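Colleague: Build the 3D model from these lines:
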Amino acid sequence: MESYSPLSDETWSRLRSICKFRTVDKHDILYQTGEVPTSYSFVYSGLFRVFVTDEQGNEYNKNFFDEGTFPGSMAALLNSSTSLFTIDALETSSVIEIDFIGYRKLLLEKHDLKLFQIYYLEKNWLLKKDAREVEIVQEDATQRYQRFLLEQPSLAKRLPQYHIASHLGITPTQLSRIRKNI
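Modeller: Here you go, the predicted structure:
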């Protein structure tokens, strides 16, 4: 967190008071579709995927969260509504679960935490979301895969190919052909 904006000792102390450490086994659900979440997490170690399921039961990977990232259903938290997606562990993972209401209260009180929030959101949500939207519309599957390899090489090594294919919006067979041609 300090890489985005320094936090005072008091802010760290207050932040720790609204957090709890949790181990999540491989394939366990961190947050479930249809539930109203009360927290989000910081990934200390491990890997998660965010996915939606259509009416036929097909899963589509929206995003992946590894060490140093914050998985959670932020829209559901902000709206006090049910989550539209599920977040599950692809590896046995350790997270720090953050109470959302406590965080929001602390955010209103602490200027240094506000700066962290602004810088984190700019880099990890706004900029990445814009790039992802352009990528899906303007790039073909091969270009999207090559971008994924370039931008997320550690994830490319940790994820099963069918999860990467789903994230890219293609079938595992299409990804296999792309990999063969590259």
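Colleague: Quick check: T33 vs L84, distance?
Modeller: According to Cβ to Cβ, to the nearest Å, T33 and L84 sit 7 Å apart. Every C-beta, even on glycine, is put in place using the N, C-alpha and C of the backbone.
Colleague: what's the overlap in contacts for those two?
Modeller: Taking Cβ atoms under 8 Å, 6 or more residues apart in numbering as the contact rule, T33 and L84 both touch V52.
Colleague: And these two? Which one has more around it.
Modeller: T33 (16 against 13; other Cβ atoms under 10 Å).
Colleague: give the contact list for the more buried one.
Modeller: V52, T53, T82, S83, L84, F85, T86.
Colleague: which SS class is the nearest residue to the last one once chain neighbours are set aside?
Modeller: Going back to what we said before, that points to T86. Nearest residue to T86 in three dimensions, chain neighbours excluded: T33, at 4.7 Å (Cβ to Cβ, 6 or more residues apart in numbering). T33 falls in the coil class when you classify it by DSSP: H, G, I helix; E, B strand; the rest coil.
Colleague: number of nearby residues for V43?
Modeller: By other Cβ under 10 Å, 21 other residues sit near V43.
Colleague: same check, this time on R22
Modeller: Residues near R22, counting by other Cβ under 10 Å: 14.
Colleague: any idea how far it is from D88?
Modeller: 14 Å.
Colleague: swap in N124?
Modeller: N124 is 20 Å from D88, by Cβ to Cβ.
Colleague: More neighbours: those two, which one.
Modeller: D88 (19 against 14).
Colleague: what are the C-alpha coordinates of the helix or strand containing the more buried one, in PDB please?
Modeller: According to DSSP states H and E, D88 maps onto strand 86-89. These are the backbone C-alpha positions of strand 86-89, laid out as PDB (Å, rounded to 0.1, in the frame of the first residue of the first chain):
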ATOM      1  CA  THR A  86     -18.200 -15.100  -7.700                       C
ATOM      2  CA  ILE A  87     -14.600 -14.900  -6.600                       C
ATOM      3  CA  ASP A  88     -12.900 -18.200  -5.900                       C
ATOM      4  CA  ALA A  89      -9.500 -19.400  -5.000                       C
END
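Colleague: Toward the C-terminus, what is the element adjacent to that strand?
Modeller: strand 93-99.
Colleague: Okay, buried residues for that next one please.
Modeller: S93, V95, I96, E97, I98, D99 (16 or more other Cβ atoms under 10 Å).
Colleague: How about the contacts made by the nearest residue to the last one once chain neighbours are set aside?
Modeller: Going back to what we said before, that points to D99. Excluding its sequence neighbours, the residue lying closest to D99 (Cβ to Cβ, 6+ apart) is I18, at 4.4 Å. Contacts for I18 (Cβ under 8 Å, 6+ apart) come out as I98, D99, G102, Y103, L106.
Colleague: Go through the residues you listed and name the one nearest K180.
Modeller: I98 (42.9 Å; Cβ to Cβ).
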